[in-house]
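Student: fold the following.
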Amino acid sequence: MMTIDTVYTAMTNLQGVLEYLDQRKISVTCDEGVYRIARELIRPEEFDNIVFCLGSFHMAKVALGCLPGKVSQGQWCGEHSR
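Tutor: Have a look, this model is predicted:
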């Protein structure tokens, strides 16, 4: 289970990697659970050089959630719920 302390430590370590590589910013692709924790932790003055992105599965899930009632009601690929 991912905890706030684990994500915070990873974010701090990423800043060390950035410094070592002499890079200004880094993008990190992660799942929804880590993304949510990271977004809660982000303080602009401390982690402004880390950009978090949802993974492709979670982006697809969000996009499908925009289709009103289709997925949630069992309607998919032309099938109709009975």
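Student: what comes up buried for the lowest-mean-pLDDT helix or strand in the chain?
Tutor: When the helices and strands of the chain are scored by mean pLDDT, DSSP states H and E, helix 56-65 comes last with a mean of 76. Residues of helix 56-65 classed as buried by neighbour count (16 or more other CB atoms under 10 Å): H58. C-beta coordinates here come from the backbone N, C-alpha and C atoms, glycine included.
Student: can you tell me which helices and strands it packs against?
Tutor: Counting contacts by 3 or more CB pairs under 8 Å, 6 or more residues apart in numbering; DSSP states H and E, helix 56-65 is packed against helix 32-41.
Student: can you name the next helix or strand after the helix it packs on?
Tutor: helix 44-47 (DSSP states H and E).
Student: what lines up beside the helix or strand just after that next one in the sheet?
Tutor: Using DSSP H and E, the helix or strand that follows helix 44-47 in sequence is strand 50-54. Paired strands of strand 50-54, with direction, are strand 26-30 (parallel) (DSSP bridges).
Student: got the CA coordinates for the least confident helix or strand of the chain in CSV?
Tutor: Taking C-alpha atoms only, helix 56-65 is exported to CSV below (Å, rounded to 0.1, in the frame of the first residue of the first chain):
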residue,chain,number,x,y,z
SER,A,56,-2.8,5.7,-20.1
PHE,A,57,-5.2,3.2,-18.5
HIS,A,58,-6.4,5.8,-16.0
MET,A,59,-6.7,8.5,-18.7
ALA,A,60,-8.9,6.1,-20.7
LYS,A,61,-11.0,5.4,-17.6
VAL,A,62,-11.5,9.1,-17.1
ALA,A,63,-12.5,9.6,-20.8
LEU,A,64,-14.9,6.6,-20.6
GLY,A,65,-16.4,8.1,-17.5
